[in-house]
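K.L.:
Sequence and predicted structure below; questions after.
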Amino acid sequence: MSRKQYKGNRSPRQNNTPQPATSRAQKDTQKSPKSRQLPAWLDKVEALLPWIVLVVVAILLITKASNYLFRAQELNLFLSTPLFFKQQMVVAGGFLTWLGTYLTQFFYHPWMGVLLLCALWAAIMFVAKKAFRLHGPWNLLLIIPVALLLASDMELGYWLYYLKLRGHFFVATLGTLIALLLVWAYRLLARRPLLATLFIPLQAILFYPLIGFYALLATLLMGVLAWRMPHSTRSKTLASLLALASLVVVPLLYYRLCYYQTSIENIYWTALPLFRLDKSYYTYYIPYYLLVAVLVAFALLGGRRSEKKSLAARLTAWVLFALTLVGTWHFGWYRDENFSKEIDMFLAVEQEDWQRVLDIARDENDEPTRMMWMFKNLALFRLGTQNTDMYRFKNGAKQCNAPFPVHMVQTGAKMLYLHYGQLNFCYRWCLEDGVEYGWRAEHLKFMTVATLLNGEYRVAQKFIDILKQTKYYAEWAEQMETYVGKPALIAKNKSFSPMLRLRDAEDHLTSDNTLVEIYLLNKFAYEGRSDDPLHQEQILLSALQMKNIQLFWPAFFQYARLNPNKHMPRLYQEAAYLYGHLENSVDISQMPFDDDVKKTYEELMAAAQQYSSMGEEGMKPLMQQRFGGTFFYDYFFTRNQKSY
């Protein structure tokens, strides 16, 4: 054999000529020639873009949803007592609800709660990347679980008042994060196949009592991820079978031994919200279905470095990223102007910022709900201008934008009952909703005030002591404690005084049939008379709104007797002038009506004759333009408005 031939057949180990090192990135580039045409900075953009989106989400939540989130913490209750912790732990997933209620209270300062929530979402993105080894353009998909968790909180709408799951705004986020941490731990154990396989049932047994459904989610992901591990087929099969067995057996085992008070059909779904009222509303579970599907897809597809820079992979990742942003904006964020304004008005009433309530009511493009109408009337009443300005705001009875029946008793009635002196009704609905939907800080606050004004000081002290165990309402509770046993001090309080003056002379409770507005109107109108001018004003206003002539006249004359030197408000004059012409039961010829009241009535009658051929619906817009804001227009053209 020649020397040349010998050199040509030399093995690589015998070749001492140094060869340039080839990096993993270069190898990937060689496998995917098309990626050479793409700019190098695109990798950095794909890595950073989900984090940029998360920052934008935080800004939107703080600027656009602060009142919504503040309202969420009012409908939450966390007590720093061992008993409260034990009460949460009586069901599987109780640790999540305990921790969720703890974090929800920080929405008292919405920016603080948002930062906590977004920090947890950032942790989910980081852990998901590590647990599933997502690379290159697949980093864009890290935003999908965050988008689904955002939707689970922001698409609730009126479910905000009906959900029974405590700490809902953080439960899914915390559960997902813990599940992903368990999956990451499983991956770290991959070098020891036996230990990793045994970890699957062990974590299910340990974590199901703490996080419920999310422990089962972690188990499912491990069973899927096992097929991505460098184990033998036998080990992979055993891991999947153990995961499947754990999914079925562990909840049943705990049901038999510990959580027998949970119905058997719900043992696999503990720590998930229950969207059920008159029936189940499954569309609200879509974010949860998609979350499970996306995480399973991550477990199946993650870690494939050889495909991370292919053009097809990049296009797929970018399309899914864009669809996630568009879908979340259109379907994952509940946007209803009336819902938002109801919350804004509620908080303004809570602060007794009556002018703010009216400003919100004026800024109304859509037909208002009855709760908005009633909050507006309450603000006008407290400002003393309801008798002139009540009909100068858009009237309406738009149904709440929800696929299920919404009742005012669950949304704003407790506040209305309190301000109109119906203390027993306020207390009754707080008690009923506390039993049905869980106790909330709002309930305890209303019940404290109601019992203080009723002179039930021992009961009030009980609620005060509970509120002292909260983070943000302890100071308010201490302020209320100064009124315990001091009726004279209560009477001097400018907030409590109107409530006391509207309160019934006798302590009783009837039924409102959940029709708050109708109950209040009937309650005051049929009282007929009071010696308190403020109370009599409300009686007359109620009779006016009911358009009941027989109830109006006694209330009108009593009001006149109590205010002999006061100019008769415009709406009362209009009602008296109209009723005097419709019936002859009362002689109005000697009453000093304002000239503009007489003129408006005559013009309306003339216009009605002029437009009579158009029919009522046809002439209504024209009449509203000329006579809107008057009792005359309301009497003839506002009909069939339903309360709820």
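P.N.:
Looks like it arrived, so ask away.
K.L.:
Quick one: mean pLDDT for the strand or helix carrying residue 444?
P.N.:
Element membership for residue 444, per DSSP states H and E: helix 441-453. In this model, helix 441-453 carries a mean pLDDT of 97.
K.L.:
Give me the contact list for it.
P.N.:
Under the contact criterion Cβ atoms under 8 Å, 6 or more residues apart in numbering, helix 441-453 has outside partners 73-77, 414-415, 418, 423-424, 426-427, 430-431, 433-434, 457, 459-460, 463-464, 466-467, 470, 473, 476-477, 480, 483-484, 490, 496, 499-500, 503. The way it works is simple: take the backbone N, C-alpha and C, and place the C-beta from them, glycine included.
K.L.:
Could you break this protein into its assigned domains?
P.N.:
Annotated domains of the chain cover 41-331, 567-644 [automatic domain parsing].
K.L.:
and of those domains, who's closest to residue 341?
P.N.:
If you check each of the domains of the chain against residue 341 by Cβ to Cβ, domain 41-331 wins as the nearest, at 9.8 Å.
K.L.:
now for the domains of the chain, which one comes closest to residue 533?
P.N.:
Nearest of the domains of the chain (Cβ to Cβ): domain 567-644, 12.6 Å.
K.L.:
How far does that closest one sit from its chain's centre?
P.N.:
Mean-position distance between domain 567-644 and its chain equals 41 Å (Cα atoms, centre = their mean, to the nearest Å).
K.L.:
list the buried ones in the helix or strand hosting residue 319?
P.N.:
Here residue 319 sits within helix 311-331, counting by DSSP H and E. By 16 or more other Cβ atoms under 10 Å, the buried positions in helix 311-331 come out as 313-314, 317, 320-321, 324, 328.
K.L.:
With stretch 160-174 instead?
P.N.:
160-163, 165-174.
K.L.:
Nearest to residue 337 among those residues?
P.N.:
Nearest to residue 337 among the buried residues of stretch 160-174 is residue 160, at 15.9 Å by Cβ to Cβ.
K.L.:
for the helix holding residue 444, the distance to its chain's centre please.
P.N.:
22 Å.
K.L.:
just stretch 369-383 next, same as before
P.N.:
The answer for stretch 369-383 is 22 Å, by Cα atoms, centre = their mean.
K.L.:
How many residues are close by residue 488?
P.N.:
Neighbour count of residue 488, defined by other Cβ atoms under 10 Å: 7.
K.L.:
name the element it belongs to?
P.N.:
Assigned by DSSP H and E, residue 488 belongs to helix 487-492.
K.L.:
which element follows the helix or strand harbouring residue 541 toward the C-terminus?
P.N.:
Using DSSP H and E, residue 541 sits in helix 533-546. The helix or strand immediately downstream of helix 533-546 is helix 549-562, counting by DSSP H and E.
K.L.:
and that next one, average pLDDT?
P.N.:
Taken as a whole, helix 549-562 carries a mean pLDDT of 96.
K.L.:
What is that helix packed up against?
P.N.:
Secondary-structure packing of helix 549-562 (3 or more Cβ pairs under 8 Å, 6 or more residues apart in numbering; DSSP states H and E): helix 533-546, helix 570-582.
K.L.:
Would you mind finding the most buried of these?
P.N.:
Sort the helices and strands packed on helix 549-562 by mean neighbour count, taking mean count of other Cβ atoms under 10 Å, and helix 533-546 sits at the top with a mean of 22.
K.L.:
list the helices and strands that one packs on?
P.N.:
Contacts defined by 3+ Cβ pairs under 8 Å, 6+ apart place helix 533-546 against helix 370-383, helix 386-389, helix 496-502, helix 516-525, helix 549-562, helix 570-582.
K.L.:
try it again with 10 Å
P.N.:
Packed against helix 533-546 by the contact rule (3 or more Cβ pairs under 10 Å, 6 or more residues apart in numbering; DSSP states H and E) you find helix 370-383, helix 386-389, helix 496-502, helix 516-525, helix 549-562, helix 570-582, helix 631-637.
K.L.:
Dump those to a markdown table, plus distance to residue 194.
P.N.:
Formatted as a markdown table, the helices and strands packed on helix 533-546 follow (distance: least, Cβ to Cβ, whole Å):
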| stretch | distance to residue 194 |
| --- | --- |
| helix 370-383 | 62 |
| helix 386-389 | 77 |
| helix 496-502 | 70 |
| helix 516-525 | 64 |
| helix 549-562 | 83 |
| helix 570-582 | 83 |
| helix 631-637 | 80 |
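K.L.:
Which of these sits closest to residue 540?
P.N.:
Nearest to residue 540, of all these, is helix 549-562, at 4.2 Å by Cβ to Cβ.
K.L.:
how far does the closest one sit from the chain's center?
P.N.:
So, by Cα atoms, centre = their mean, the centroid of helix 549-562 is 43 Å from its chain's centroid.
K.L.:
For residue 238, what is the enclosing helix or strand?
P.N.:
Assigned by DSSP H and E, residue 238 belongs to helix 233-257.
K.L.:
Run the chain-centre distance for that helix.
P.N.:
For helix 233-257, the separation from the chain centroid amounts to 36 Å (computed by Cα atoms, centre = their mean).
K.L.:
now do stretch 421-436
P.N.:
Distance of stretch 421-436 from the chain centroid (Cα atoms, centre = their mean) equals 21 Å.
K.L.:
And for stretch 259-275?
P.N.:
Offset of stretch 259-275 from its chain centre (Cα atoms, centre = their mean): 22 Å.
K.L.:
Dump the C-alpha coordinates for it into PDB.
P.N.:
Below are the C-alpha coordinates for stretch 259-275, written out as PDB (Å, rounded to 0.1, in the frame of the first residue of the first chain):
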ATOM      1  CA  TYR A 259     -63.800  14.900  51.300                       C
ATOM      2  CA  TYR A 260     -67.100  13.000  51.400                       C
ATOM      3  CA  GLN A 261     -69.000  16.300  51.600                       C
ATOM      4  CA  THR A 262     -68.000  17.000  48.000                       C
ATOM      5  CA  SER A 263     -70.300  15.500  45.500                       C
ATOM      6  CA  ILE A 264     -68.700  12.600  43.600                       C
ATOM      7  CA  GLU A 265     -69.300  14.200  40.200                       C
ATOM      8  CA  ASN A 266     -67.200  17.200  41.300                       C
ATOM      9  CA  ILE A 267     -64.200  15.500  42.800                       C
ATOM     10  CA  TYR A 268     -62.200  15.800  39.600                       C
ATOM     11  CA  TRP A 269     -63.000  19.500  39.200                       C
ATOM     12  CA  THR A 270     -62.300  21.000  42.600                       C
ATOM     13  CA  ALA A 271     -60.700  24.400  42.600                       C
ATOM     14  CA  LEU A 272     -62.500  25.200  39.300                       C
ATOM     15  CA  PRO A 273     -65.300  27.800  39.300                       C
ATOM     16  CA  LEU A 274     -68.900  26.600  39.100                       C
ATOM     17  CA  PHE A 275     -70.700  28.400  36.300                       C
END
